[in-house]
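Asker: Fold the following.
(2 chains)
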Amino acid sequence: MSHEGLRTPSPGGDGPDLALSVDHLTKRFGDRVAFEDVSFGVARGEVFGFLGPNGAGKTTTVRTLATLLAPTSGSASVAGLALTPDNAAEIRQRISVMPESPGLYLRLSVRENLECFADLYEVADPRGRIDNALRAVSLSERAGDACGTLSKGLRQRVALARALLSDPEVLFLDEPTAGLDPVAARDVHELIDGLRKRGVTIFLTTHRLDEAERLCDRVAIMNTTLRTIGRPDELRAQLFSDSLVVRTLAALQVPDRVFGGLPAVSGWHEDAPGTYTVSVSDPTVAAPAVTRALVAAGADVLSIGEARHSLEDVYLELIDSAREESHP
Amino acid sequence: MNMSLRRVRAIVRKELRDYRRNRFLVFGMAILPLIFTIQPLIAVLVLSSSTVGALRNEHVLVYMLGIPALVPSIVAASAVAGERQQATLEPALTTPIRSDEFLLGKALAALIPSLAVAYFVFALFLAIVVLFAQPGIASALIQGPDLAAQLLFTPLLAAWSISVSIAISTRSSDVRVAQQLSTFASLPPAIVAILVALNVIPPSLPLAIAFAAILVILDVLGWQITARLFDREELITGSR
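Answerer: Predicted coordinates:
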């Protein structure tokens, strides 16, 4: 499968209305490359997924854009400001970061944690903002509880409330559902959905591909370098050709006689006895032809459908190809 | 961007709230003053009135300068290392807070309880001596120069302990190690005070002025070194 079209990612979202613009950014720690030559843009109000395996440089990218780490080379602008040491404090005023570990003061109550950060951001009307943030994450009832007594899911919600306090232009969420049970993860997803509706730009790093597929307008797949970037459906179309999945009760005796020479069919292979993937150029032409051919061959057809490739398929395909490149 | 007092106050308030609920810290801040108080207190309380003359040449009160020299290291050593250990440093550093605001907040949060403890224990010591020591002992023991030394050197010694402890804290990822090293690094001025109290170093006004000047210089240098050691990138990545 050719990935040539994906090797040079298009930054996307070009234009003046970018919340994030990253241009050939590189970060090295001595000889070790954390990420290299990364370029992309994120439009205001976009939910942008940043995917990649462990050690791919996702968290380092977030830390660099959040001004905690200085890039080795390249340039970027964050919330309309050039990523320079002089702008660091002003950039941090305009963004919020929710790190993978909530990092709460466990002996302090939920409200005391938020009071501290409201003052660090110098928000006006801190009491009102804290109440709003607590309501947004459904934690008003637990405001007086020490954070050390909360479950992991609730701590994650407090961290999200903390990130919302300053009403950020760009919100960086680093693995926001890591280690959460499905119910807590769903709650976080709903919160992110709510933020999207409010027009907050969200930069979401995650391992969870279902999460990225559900929440993100576009995703970037990263493995030290940027492997690809685009909408999940675009990536699927770029990476995988259209195909039909055909299931019959019994294996076909001579499949080539059934699938060979049909209109819009370019090839086929048997995945398992009675299960075939048929490569097609146009499913709307090929599907009826394949159905007629199967019936004519006397096959007992169980199902014929378009193959659906998930974001996980895209991800695995790209990461596997990257491994093959590095270990040929 | 000018220094924000609101952000400094946020750090101070958070730290003080945290200290209050940290039993180990409260215990540490209580036990150390006891060590520096009980021995001289017993020694003074058992003195008879006949020793008043000799006592006028003693400087028992200076011994208590060990409290401001060592107590701050207990809290200041956890200032940065504690935050790193609990993964609370990164969220704080991604706010607009500047390094000098963060460090000033941490230093004030260590200074306030340390001064409070040192002056309170000293006042308590004096009150007990006045109330329970033999007649004449209190007036012989409580001398103007010693009181002045206590007032002057308490903040200077505490400031040294705080700056050196925070400097160590920025280079350590383990709070206990930071506390041990900080206590050790805070010892030299405390030892000087104890040697003065024991009359090994004869106290004099020029000596006091010289000691105070050295402490001021050390405090300023210590603070500058601490500010330089506070490197966000190293603190976040642990790359050292």
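
Asker: need the contact list for the closest residue to A:Leu164 other than its chain neighbours.
Answerer: Closest residue to A:Leu164 in three dimensions, ignoring its sequence neighbours and counting by CB to CB, 6 or more residues apart in numbering or on different chains: A:Ala133, at 4.8 Å. For glycine as for every other residue, the C-beta is placed from the backbone atoms N, C-alpha and C. Neighbour list for A:Ala133: A:Leu114, A:Ala161, A:Arg162, A:Leu164, A:Leu165 [criterion: CB atoms under 8 Å, 6 or more residues apart in numbering or on different chains].

Asker: Helix or strand: which one has the first one?
Answerer: A:Leu114 is part of helix A:110-120 when elements are defined by DSSP states H and E.

Asker: Look up the pLDDT of the residue nearest to A:Leu164 for me, please.
Answerer: A:Ala133 carries a pLDDT value of 91.

Asker: Assumed it was part of a strand.
Answerer: No: residue state for A:Ala133 (DSSP: H, G, I helix; E, B strand; the rest coil) corresponds to helix; a strand is not indicated.

Asker: For it, give its distance to A:Leu165.
Answerer: In this structure, A:Ala133 and A:Leu165 are 5 Å apart, going by CB to CB, to the nearest Å.

Asker: For those two, list the residues in contact with both.
Answerer: Jointly contacting A:Ala133 and A:Leu165 under the rule CB under 8 Å, 6+ apart are A:Leu114.

Asker: What confidence value was assigned to the closest residue to A:Lys58 other than its chain neighbours?
Answerer: Distances taken as CB to CB, 6+ apart put A:Thr205 closest to A:Lys58, at 4.3 Å, once the chain neighbours are dropped. Looking at A:Thr205, its pLDDT stands at 92.

Asker: now do the one 5 residues further on
Answerer: Looking at A:Asp210, its pLDDT stands at 78.

Asker: one step back: run the chain-centre distance for the helix holding A:Leu114.
Answerer: What separates the centre of helix A:110-120 from the centre of its chain is 29 Å, taken as CA atoms, centre = their mean, to the nearest Å.

Asker: Measure how buried B:Ala69 is and give me the count.
Answerer: B:Ala69 is surrounded by 29 other residues when neighbours are defined as other CB atoms under 10 Å in any protein chain shown.

Asker: you'd agree it is in a strand?
Answerer: No: the assignment for B:Ala69 by three-state DSSP gives helix, which leaves it out of any strand.

Asker: A:Glu211 versus the closest residue in space to it that isn't next to it in sequence, what's the distance?
Answerer: Ranked by CB to CB, 6+ apart and with sequence neighbours excluded, the top spatial neighbour of B:Ala69 is B:Ala190, at 3.6 Å. Note on B:Ala190: its distance to A:Glu211, by CB to CB, is 56 Å.

Asker: which SSE is the residue in chain B positioned nearest to chain A in?
Answerer: Proximity to chain A, evaluated over chain B using CB to the nearest CB, is greatest for B:Ala10 at 3.4 Å. Secondary structure assignment for B:Ala10, by DSSP H and E: helix B:5-20.

Asker: Doesn't A:Gly199 belong to a helix?
Answerer: No: with three-state DSSP as the criterion, A:Gly199 is coil rather than part of a helix.

Asker: what sits against it?
Answerer: A:Gly199 is in contact with A:Arg44, A:Gly45, counting by CB under 8 Å, 6+ apart.

Asker: do that again at 10 Å, thanks
Answerer: With contacts taken as CB atoms under 10 Å, 6 or more residues apart in numbering or on different chains, A:Gly199 has the following neighbours: A:Arg44, A:Gly45, A:Glu46, A:Glu169.

Asker: Quickly list the domain ranges of chain A.
Answerer: Per automatic domain parsing, the domain ranges recorded for chain A read A:4-237, A:241-308.

Asker: Pick the most buried one from the ones you listed.
Answerer: Most buried of those by mean neighbour count (mean count of other CB atoms under 10 Å in any protein chain shown) is domain A:4-237; its value is a mean of 19.

Asker: The lengthiest helix in chain B versus helix B:5-20: what angle between them?
Answerer: Taking residue count as the measure and DSSP state H as the definition, the longest helix of chain B comes out as helix B:99-132. Using axes from the mean of the first three to the mean of the last three CA atoms, to 10 degrees, the inter-axis angle of helix B:99-132 relative to helix B:5-20 is 50 degrees.

Asker: Buried residues, helix B:99-132. List them.
Answerer: By neighbour count on 16 or more other CB atoms under 10 Å in any protein chain shown, the buried set for helix B:99-132 is B:99, B:101-115, B:117-119, B:121-122, B:125-126, B:129.

Asker: Among those, which ones lie close to chain A?
Answerer: Filtering those for proximity to chain A (criterion: CB under 10 Å from any CB of the partner chain) leaves B:Ser99, B:Glu101, B:Phe102, B:Gly105.

Asker: of all those residues, which comes closest to A:Asp187?
Answerer: Comparing these against A:Asp187 with CB to CB places B:Phe102 closest, at 32.3 Å.

Asker: What sits closest to B:Phe36 if chain neighbours are left out?
Answerer: The shortest distance from B:Phe36 to any residue that is not its chain neighbour, by CB to CB, 6+ apart, is 4.6 Å, and that residue is B:Gly66.

Asker: Kindly report the same for B:Thr95.
Answerer: According to CB to CB, 6+ apart, the nearest residue to B:Thr95 is A:Leu120 (4.0 Å).

Asker: how about the closest residue to chain B within the stretch 1-150 of chain A, what does it touch?
Answerer: When scored by CB to the nearest CB, the stretch 1-150 of chain A has A:Asp119 as its residue closest to chain B, at 3.4 Å. With contacts defined as CB under 10 Å, 6+ apart, A:Asp119 is in contact with A:126, A:165, B:4, B:6-11, B:13-14, B:95, B:97.

Asker: For ChimeraX, what selects the buried ones among those residues?
Answerer: Here the buried members of the contacts of A:Asp119 are turned into a ChimeraX selection, burial being counted by 16+ other CB under 10 Å:
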select /A:126,165 /B:4,7,8,10,11,13,14,95,97
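
Asker: Closest to B:Leu141 out of the contacts of A:Asp119?
Answerer: Closest approach to B:Leu141 among the contacts of A:Asp119 (CB to CB): B:Arg13, at 38.5 Å.

Asker: Looks like the closest one contacts A:Ala118 (just checking).
Answerer: No: B:Arg13 is not in contact with A:Ala118 according to CB atoms under 10 Å; the separation is 11.6 Å.

Asker: give me every residue that touches residue 220.
Answerer: Looking at chain A here, since you left the chain open. Taking CB under 10 Å, 6+ apart as the definition of contact, the neighbours of A:Ala220 are A:9, A:11-12, A:22, A:38-40, A:42, A:48-52, A:58, A:61, A:203, A:205, A:212, A:226-230, A:235.

Asker: Chain B was what I was after
Answerer: Going by CB under 10 Å, 6+ apart, B:Val220 touches B:Ala159, B:Ser163.

Asker: does it sit in a helix or strand, and which one?
Answerer: Taking DSSP H and E as the definition, B:Val220 sits inside helix B:205-229.

Asker: Just want the angle from that helix to helix B:99-132.
Answerer: Going by the same axes, to 10 degrees, helix B:205-229 makes 150 degrees with helix B:99-132.

Asker: After helix B:205-229, which helix or strand is next?
Answerer: helix B:232-237.

Asker: Using CSV, write out the CA atom coordinates for that next one.
Answerer: Once non-C-alpha atoms are left out, helix B:232-237 reads as follows in CSV (Å, rounded to 0.1, in the frame of the first residue of the first chain):
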residue,chain,number,x,y,z
ARG,B,232,11.8,25.4,33.7
GLU,B,233,13.0,23.1,31.0
GLU,B,234,15.3,21.1,33.4
LEU,B,235,12.6,21.0,36.0
ILE,B,236,10.0,19.7,33.7
THR,B,237,12.1,17.2,31.8
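
Asker: residues of that helix that come out buried?
Answerer: Of the residues in helix B:232-237, those buried by neighbour count under the rule 16+ other CB under 10 Å are B:Arg232, B:Leu235, B:Ile236.

Asker: No further queries at this time; thank you.
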